[in-house]
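[1] Curious how this folds, go ahead:
(chains A and B)
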Amino acid sequence: DGGITQSPKYLFRKEGQNVTLSCEQNLNHDAMYWYRQDPGQGLRLIYYSQIVNDFQKGDIAEGYSVSREKKESFPLTVTSAQKNPTAFYLCASSKGDRQTPEQYFGPGTRLTVT
Amino acid sequence: AQTVTQSQPEMSVQEAETVTLSCTYDTSENNYYLFWYKQPPSRQMILVIRQEAYKQQNATENRFSVNFQKAAKSFSLKISDSQLGDTAMYFCAFTLANAGGTSYGKLTFGQGTILTVHP
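    Numbers count the residues shown, from 1 in each chain, chains lettered A, B, ... in the order given. This is a model prediction of the structure:
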């Protein structure tokens, strides 16, 4: 089955700790994205990568870091510098071409920091 | 910067009836794509329908259709024969593309409309 997996589904951390969220895709998509969703709101772009070993900041990159060492994987680290890390995090991927410009999403990770 | 506005925080409809969700967007660019995504209580984001800006014909996918008004920068979603499984939050989203139709990838989302379908 082709798709996007995110793990874990729920994650709990103490304030001051870094935490890494996993995102893997087997759709052979070049581009991958991380979004943050807060209650009752739309999604906001954190980071995106259109090719291996390259990534760009999105609209709310402060306090986050990413890597893209493999086409299939795009992990997101939430650092202790992120002021309000508790949120729902969604990973997505896309081919981006005219035939398939849409993004496909993983099931998400709910992060709670106390 | 591109913006997407959904002016209806909540909507409700009776099963089997038709409902229309509104979306407006703002861009000075000519090449772009528009999407409607659905997020049910499971929180999985599911693509409902997409529209290419260069196409005048409105997109349809089974019970879902759009009314794309490029000059007015309006992109509404019509759901016909509403079903209980349509209950979800619906997001309108926008992405720029180059002249060849390749998306630049960054999606800009509206705030969402919660749709409840009543039996």
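
[2] rest of the way, CA atoms for contacts and neighbours
    Will do.

[3] surely B:K73 meets B:T24?
    Yes: counting by Cα atoms under 8 Å, B:K73 touches B:T24, with 5.7 Å between them.

[4] and those two? which has more neighbours close in?
    Taking neighbours as other Cα atoms under 10 Å in any protein chain shown, B:K73 and B:T24 compare with B:T24 leading, 20 against 13.

[5] Now the phi/psi pair for B:L84, please.
    Note on B:L84: backbone dihedrals following degrees, to the nearest 10 are phi -60, psi -30.

[6] wait, what's in contact with it?
    B:E15, B:T116, B:V117, B:H118, B:P119 (Cα atoms under 8 Å, 6 or more residues apart in numbering or on different chains).

[7] How much space separates it from chain A?
    Note on B:L84: its distance to chain A, by Cα to the nearest Cα, to the nearest Å, is 21 Å.

[8] now do B:Q39
    Counting by Cα to the nearest Cα, the gap from B:Q39 to chain A is 10 Å.

[9] next one: B:K78
    In terms of Cα to the nearest Cα, B:K78 sits 20 Å off from chain A.

[10] Output the set of residues of chain B in proximity to chain A.
    Taking Cα under 8 Å from any Cα of the partner chain as the contact definition, chain B meets chain A at B:33, B:35, B:43-47, B:50, B:91, B:100-112.

[11] Which ones among these map onto strands?
    B:Y33, B:F35, B:I46, B:L47, B:R50, B:F91, B:T108, B:F109 (DSSP state E).

[12] Return the closest of the residues you listed with respect to chain A.
    Nearest to chain A, judged by Cα to the nearest Cα, of those is B:F109 at 5.8 Å.

[13] What residues are recorded as beta-bridge partners of the closest residue to B:G85 other than its chain neighbours?
    Of all residues not flanking B:G85 in the chain, B:V117 sits nearest, at 7.9 Å (Cα to Cα, 6 or more residues apart in numbering or on different chains). B:V117 forms beta bridges with B:V13, as assigned by DSSP bridges.

[14] For B:V117, give me the pLDDT.
    Looking at B:V117, its pLDDT reads 98.

[15] Could you do A:D1 as well?
    Looking at A:D1, its pLDDT is 59.

[16] contact partners of stretch A:93-100?
    By Cα under 8 Å, 6+ apart, the residues outside stretch A:93-100 that reach it are A:4, A:25, A:28-33, A:101-105, B:100-105.

[17] wait, I meant stretch A:28-42
    Stretch A:28-42 is contacted by residues A:43-52, A:71-72, A:74, A:76, A:87-96, B:91, B:105, B:109-112 when judged by Cα under 8 Å, 6+ apart.

[18] count of neighbours near the closest residue in space to A:K70 that isn't next to it in sequence?
    Residue nearest to A:K70 in three dimensions, not counting chain neighbours: A:V52, with 6.0 Å by Cα to Cα, 6+ apart. A:V52 has 17 neighbouring residues, counting by other Cα under 10 Å.
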